[in-house]
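Asker: Prediction below, plus the sequence it came from.
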Amino acid sequence: MTRPVTIPPPTSRPPIWRGPTLGRFTSWTFLVPAVVIYALFALFPMVDGLWLSFFDWDGVSADRHWVGLENYAQIFTQDPVFWRAVQNSLIWVGLSLVIPTVIGLAFAVALDQKLRGRNAFRAALYLPAIIAAIAVATIWTWMYNPIFGLVNATLEALGLEWLIQDWLGDPDLAILSIFVAYVWQATGAAMVLFLAGLQNVPVELKEAARVDGANHRQVFRAVTFPALMPTFIVVTVLSIISSLKVFDLIYGMTLGGPAQSTQVLALWSYTLSFQLHDYGNGMAVAMVLLVITLAIVIPYYAWMGRRDEA
Amino acid sequence: MRARIAQSDPVKVALWITLLVVSLIWIAPVLFIFLTALKTRPDLIATGTFGLPTEIAWQNFPDAWEEANLSTTMVNSLIISFLKVPLGIFVSSLAAFALTRLRVPLGRVFLAVIIMGAMIPVQVALAPLFRLILGLGLLNQYVGILLPYIAFGVPFQVFLLTAFFKSVPRELDEAARIDGASSWGIYWRVIIPLSLPALAALFVLDFVATWNEFGIALVILQRQDMWTVPLSLQAFTGQFGNNYTELNAAIFMSIIPVIIVYLLLQRYFVAGLTTGAVKG
């Protein structure tokens, strides 16, 4: 059953190719391993997914028939969970553009000062970003534990008992509770990008502004902020994309529940395909997610390409 | 140290104290995990959330190690990470070399199609990927997970390495070319040695990403003896979800390897995250 998969070995120059076409062949041999693996195991599954989105199929049986666009019609008109997932993904994207971005910028501006122990602070603030999303999910499930969790215990200690909630059990609240865990994990990336952006703010400009009598805040508004514009674009796009990719965190914390209230597109596609054995609809949801992603990514790369050439 | 801080400007002192407090709040969840992992079960109920353990329950760690089957899953994760990361970087660096240094027909198109993949959520392809690996008979095998891992790693790595290779002066390979070096020679003797910082950064980033990966592993590694650490952690939550002290010990042990790698190689990490993404 096992078919051997051969990865073409990187070649030095096989003598048989010596001759006028040599340049072309060798350049191809460098490119081939990456392109073949990428095409087979990343691109092909996406194309296959598109193809399968036109079929009615449970993913297992031989019974599979072409239904055209019916799966799409079904998810758009008869699937309330799909719309809940769209709504949650939109809320997630919207919130993620503001909250981790603002906190990350604040951290970066603070860490950009010359301070004692700056590296230790940076390590601490970036720490959650390296923890597996699935571990973040278990950590925060524990944080939200109604009896032993740190969240409710802190509220109680502060005399804020009236704020105590069943954070992950309340369908209206659960998605926001998970989002808090996401903020904890996602802020580090924004922070690092802003820190790098701050290195590019021309020091001479800042000094000139200071000489002209500008105070800290005026320098930030007039010099630092405009110089950070490219960083804002990068952070914005990466925030949107990583919001659309959220999967592990919700899988680990609620599995999309209670009552499918925390479904997002990525998880709903998985749930349809693997748990509800409806490959057709699952792939249709995946294709919606793909189209949304491409609609953001293509203009972004076009912008980056122009910036590179400039 | 106090005297030094007091000497400096009061705004900085306030900033320093704020940062200290915020950092402590920020890592509180990790400290809380550790605190819980050190308690016995009766202690957990008796001491409340903030209380310190009356006796340190080190036994939670070996018990959790056993129950979460971490001896198997840690080995799987280590094998997969240490095969995937160098192989993936090697394959990507060859491609990035071809795209920046050699004349490849349609090179720009290839580059665009490849790096487009860096942004696409893997969940889009999860079910078809499962079908493909099943069809190849590679389910529950290292090769079956390594190939998709390399495939989904290629875009970001090629993106980062092409950006880096462009910064290596072309005169160097022209000089080597005149001295009779082949393309492979230029790749191996000129470009790679000059790119070690970028490769180190990629290594760290990719190690952490591979160690932490969950979605692809979830569909391809279905047999328990093939699980990686994230899968066993997730299963532990389901099975022993009420055994809070051991659960917290398991969480803590699962994040230790990446924390060590991160603390040791922090500076490469920051360099890797920012190269290519933001430049002047």
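Answerer: Yep, that arrived.
Asker: Check the offset of stretch B:21-40 from the chain's centre.
Answerer: A distance of 22 Å separates the centroid of the chain from that of stretch B:21-40, by Cα atoms, centre = their mean, to the nearest Å.
Asker: Same check on stretch B:232-241?
Answerer: 22 Å.
Asker: Quick check: B:Gln234 vs A:Ser269, distance?
Answerer: As judged by Cβ to Cβ, to the nearest Å, B:Gln234 and A:Ser269 stand 19 Å apart. Backbone N, C-alpha and C define where each C-beta goes, glycine included.
Asker: Of those two, give the one with the bigger neighbour count.
Answerer: Between B:Gln234 and A:Ser269, counting by other Cβ atoms under 10 Å in any protein chain shown, A:Ser269 is the more crowded of the two (31 against 22).
Asker: So the more buried one sits against A:Tyr279, correct?
Answerer: No. In this structure, A:Ser269 is not within contact of A:Tyr279 by Cβ atoms under 8 Å, at 10.1 Å.
Asker: OK, contacts around the closest residue in space to B:Ile79 that isn't next to it in sequence?
Answerer: Using Cβ to Cβ, 6 or more residues apart in numbering or on different chains and skipping residues adjacent in sequence, the residue nearest B:Ile79 is B:Tyr142, 6.5 Å away. B:Tyr142 makes contact with B:Ile79, B:Ile80, B:Leu83, according to Cβ atoms under 8 Å, 6 or more residues apart in numbering or on different chains.
Asker: Redo these as CSV? Include pLDDT and neighbour count.
Answerer: Output for the contacts of B:Tyr142, formatted as CSV (pLDDT from 0 to 100; neighbours: other Cβ atoms under 10 Å in any protein chain shown):
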residue, pLDDT, neighbour count
B:Ile79, 96, 13
B:Ile80, 97, 22
B:Leu83, 97, 17
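Asker: how close does the most centrally placed residue in chain A sit to B:Ala125?
Answerer: Nearest to the mean C-alpha position of chain A, counting by Cα atoms, centre = their mean, stands A:Ser242 at 1.2 Å. Between A:Ser242 and B:Ala125 the computed distance is 17 Å (Cβ to Cβ).
Asker: what do you get for B:Val13?
Answerer: Separation of B:Val13 from B:Ala125 (Cβ to Cβ): 52 Å.
Asker: so A:Ile130 touches B:Ile256, yeah?
Answerer: No. The pair A:Ile130 / B:Ile256 is not scored as a contact, 11.5 Å apart, by Cβ under 8 Å.
Asker: and these two? which has more neighbours close in?
Answerer: Each of A:Ile130 and B:Ile256 has its neighbours counted (other Cβ under 10 Å); A:Ile130 has more, 23 against 11.
Asker: Next to chain A, which bits of the stretch 151-280 of chain B? Give me the list.
Answerer: Within the stretch 151-280 of chain B, the residues that sit near chain A (Cβ under 8 Å from any Cβ of the partner chain) are B:151-152, B:154-155, B:158, B:182-184, B:187, B:208, B:211-212, B:214-215, B:218-219, B:229-230, B:233-234, B:237, B:244, B:247-248, B:251, B:254-255, B:258-259, B:262-263, B:266, B:270, B:273-274, B:277-280.
Asker: any weak-confidence spans in the chain?
Answerer: Let's take chain A. Low-confidence segments of chain A (pLDDT under 70): A:1-25, A:310.
Asker: meant chain B, my bad for not saying
Answerer: Within chain B, the segments meeting pLDDT under 70 span B:1-8, B:241, B:270-280.
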